[in-house]
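> structural data only, the sequence is not supplied:
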């Protein structure tokens, strides 16, 4: 981005090394910027090669399907905002510059720039029908490192950008969405609760057959959390085909 020729261009497409964009990727994304000067980002959906390689990749598919089908679409449709996935997206260079550019203060610099762009008034579009293929971690060690980066980074970012969110000029509702739904619910409470329930509490009941688990612990709370993600856009309750 520091090269001299960048000043002659208006957009930049970003991909991780393992992503395989289709030949028509730019034709399906760049036209959305036309006559939409407030649009800063167009994000495509991920699809996966080797998704049936083993049980780990199949479980990741289910988790990421929820992320794109619900989280990204709800925020994109309802708030014109979502966490940039770091790849398979086209940015307006002016939006990057206006938001302060890329910062290496956390391991989730993609999410960082998306939040700062949103606070500066830039809008975002998520395209569920435009796919870009990539690879899923096939080993537990690779998956563990990926998840550690994905979950520790947002908490670092939340601590750094909370004052900017509070002082920003966006609506109270959008501030509440970022603070409580985007950060606290999805990045802290839900992962912690899921780990505690499925990796500690439920396995321990195998050794204590007499233990009784309350229905609200194993049913109502897990069902309520995904519902909160869907709540802003009831149309997302409709069924969608898997990847």
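Perfect, thanks for sending it. For clarity, every value in this text was computed on a predicted model and none was experimentally measured.

> in the longest strand that the chain contains, which residues are buried?
What stands out as the longest strand in the chain, according to DSSP state E, is strand 123-135. Within strand 123-135, the residues scored as buried using 16 or more other CB atoms under 10 Å are 123-127, 130-135. For glycine as for every other residue, the C-beta is placed from the backbone atoms N, C-alpha and C.

> try stretch 8-25
13-15, 19, 21, 25.

> gap between the residue nearest in space to the middle of the chain and residue 58?
In the chain, the centroid-proximal residue (CA atoms, centre = their mean) is residue 83; its distance is 4.5 Å. To residue 58, residue 83 is 24 Å away according to CB to CB, to the nearest Å.

> same check, this time on residue 143
Applying CB to CB, the value for residue 143 to residue 58 is 12 Å.

> which one of these two has more residues nearby?
Of the pair residue 143 and residue 58, residue 143 is the one with more neighbours under other CB atoms under 10 Å, namely 16 against 12.

> what confidence value was assigned to the more buried one?
According to the predicted model, the pLDDT of residue 143 comes to 85.

> what helix or strand is it on?
Residue 143 is part of helix 140-167 when elements are defined by DSSP states H and E.

> just checking, residue 103 touches residue 112?
Yes - proximity of residue 103 to residue 112 meets the contact threshold set by CB atoms under 8 Å, at 5.8 Å.

> looking at this structure, which helix or strand is least sure?
One helix or strand of the chain scores below all others by mean pLDDT, DSSP states H and E: helix 221-230, with a mean of 62.

> neighbours of residue 137, how many?
Counted by other CB under 10 Å, the residues lying close to residue 137 total 16.

> surely it is in a strand?
No - checked against DSSP: H, G, I helix; E, B strand; the rest coil, residue 137 lies outside a strand; its state is coil.

> could you shift the numbering so residue one becomes 438, and keep it that way?
Done: numbering now begins at 438, and the last item shifts to residue 574.

> can you pull the contacts of it?
Counting by CB atoms under 8 Å, 6 or more residues apart in numbering, residue 574 makes contact with 493-494, 497, 580, 583.

> recalculate using a threshold of 6 Å.
For residue 574, the contacting residues are 580, 583, taking CB atoms under 6 Å, 6 or more residues apart in numbering as the criterion.

> tell me how far it lies from residue 540.
Relative to residue 540, residue 574 is positioned 26 Å away (criterion: CB to CB).
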